[in-house]
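> quick one: sequence and predicted model below, then my questions.
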Amino acid sequence: MSQLDTLLEVLSWFFILSGAFFVVIGAVGTLRFPDFWSRLHAASVTESAGVLLVFAGLCIQAGFTLITVKIIIIGIFLFITGPTSTHAIANAALVTGLRPKEVKGFAGVEPEPLTKNPADPAEPE
Amino acid sequence: MRLVGAFIVFMALWLLLSGVYEPLTIGLGALSTLVVAFVTRRMDAIDGDRVDARLNPLGTIGYALWLLIEIAKANWTVMKIIMSPSLPIKQHMFSIPYTQKTDLGQVIFASSITLTPGTITVETEPGHFLIHAVAFTSDDKAALADMDRRVTATEKAEQK
């Protein structure tokens, strides 16, 4: 029985540490990426892989208890609210006129979004 | 009937989250659940808005597993971009048509795009989504069209 316990312990620490690794990667990406739009993507690494792996590790630590149920409920909640908040931030940036720097060969946004309002006072010059 | 169902679901959720099973706490839980069910009913009388949840349960679970694998793959790709010294990003915005009939299906598709690192749904317009990709490649559109097909497949056929 103790061998199984060791195995579970190793497995859960593997998950927690690799989750922590992805959280750090997300932070490094947020610092390294050049502008707002690409930084959003770095943050989503933390939000998906980091959260998933850390929660998987914590579930194994907790075993078959109510705590595991709570962790899973929090996980589902984060998987619904995470994309929603990311979308809200990205949409706010788009509406205020912030555009990503497109690489050579791509001419602007295709198609130009309908929400673009030239008379918007928040639009930067 | 709907109210009784809501009460049972709220109560089950309360019992799962509480973990303290003494008469006083369960009584307080039942009381607060009743208040929540009452408030929900009152709100329903004002807007009557309901989510049209026509999803195929088995298909949805299969889709969730597929999505987890996709998230893992996309994470690996973005991690490599972050770690590489030259930072090979190639930002691009493009639009992807969606084929889901229900609001819930569209929400699932848009959220799935945002959940996979590397792509974010920026804007929803009638008939298509505006996507921002951090490392755009020519097969991104095909991959997203494949995801669109899979989400549509989880929707149940319309009942008449």
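It's in.
> pLDDT weak spots in the chain?
Using chain A here. For chain A, the stretches flagged by pLDDT under 70 are A:1, A:102-125.
> my bad, the chain I had in mind was chain B
Within chain B, the segments meeting pLDDT under 70 span B:48-52, B:157-160.
> before we move on, which element is the residue positioned nearest the centre of chain B in?
Taking Cα atoms, centre = their mean, the centroid of chain B lies closest to residue B:108, which sits 4.1 Å from it. Secondary structure from DSSP states H and E places residue B:108 in helix B:103-115.
> near chain A at all, that helix?
Yes - using Cβ under 8 Å from any Cβ of the partner chain, helix B:103-115 reaches chain A at B:110-112, B:114-115. All C-beta atoms are positioned from the backbone trio N, CA, C, and that covers glycine.
> quick check, nearest of those residues to residue B:75?
residue B:115 (10.3 Å; Cβ to Cβ).
> got the domain boundaries for chain B?
B:2-47, B:57-154 (automatic domain parsing).
> go through those domains and name the closest to residue A:101.
domain B:57-154 (6.3 Å).
> residues contacting residue B:150?
Each residue near residue B:150 by Cβ atoms under 8 Å, 6 or more residues apart in numbering or on different chains is listed here: B:63, B:66.
> now do the strands in chain B.
Secondary structure of chain B (DSSP state E): strands at B:92-97, B:119-125, B:128-133.
> now those in a markdown table, with distance to chain A and mean neighbour count?
As requested, the strands of chain B are exported to a markdown table (distance: least, Cβ to the nearest Cβ, whole Å; neighbours: other Cβ atoms under 10 Å in any protein chain shown):
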| stretch | distance to chain A | mean neighbour count |
| --- | --- | --- |
| strand B:92-97 | 4 | 18 |
| strand B:119-125 | 5 | 22 |
| strand B:128-133 | 6 | 22 |
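> can you add distance to residue B:13 and give those strands back as a markdown table?
Output for the strands of chain B, formatted as a markdown table (distance: least, Cβ to Cβ, whole Å):
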| stretch | distance to residue B:13 |
| --- | --- |
| strand B:92-97 | 35 |
| strand B:119-125 | 29 |
| strand B:128-133 | 32 |
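> among the ones you listed, which is nearest residue B:30?
strand B:119-125 (40.2 Å).
> the closest one to strand B:92-97, inter-axis angle?
60 degrees (axes from the mean of the first three to the mean of the last three Cα atoms, to 10 degrees).
> run me through the strand neighbours of strand B:119-125, direction for each.
Applying DSSP bridges, strand B:119-125 is found paired with strand B:128-133 (antiparallel).
> on that earlier part again, how about the residue nearest to the centre of chain B, nearest residue that isn't a chain neighbour?
What sits nearest to residue B:108 in space, not counting adjacent residues and going by Cβ to Cβ, 6 or more residues apart in numbering or on different chains, is residue B:151, at 5.5 Å.
> got a list of what the one you found touches?
Counting by Cβ under 8 Å, 6+ apart, residue B:151 has contacts B:63, B:100, B:105, B:108-109, B:112.
> does stretch A:49-67 reach chain B?
Yes - judged by Cβ under 8 Å from any Cβ, stretch A:49-67 comes into contact with chain B at A:49, A:52, A:66.
> scan the residues you listed and report the most crowded one.
Using other Cβ atoms under 10 Å in any protein chain shown as the neighbour criterion, residue A:49 leads the residues of stretch A:49-67 next to chain B with 25 neighbours.
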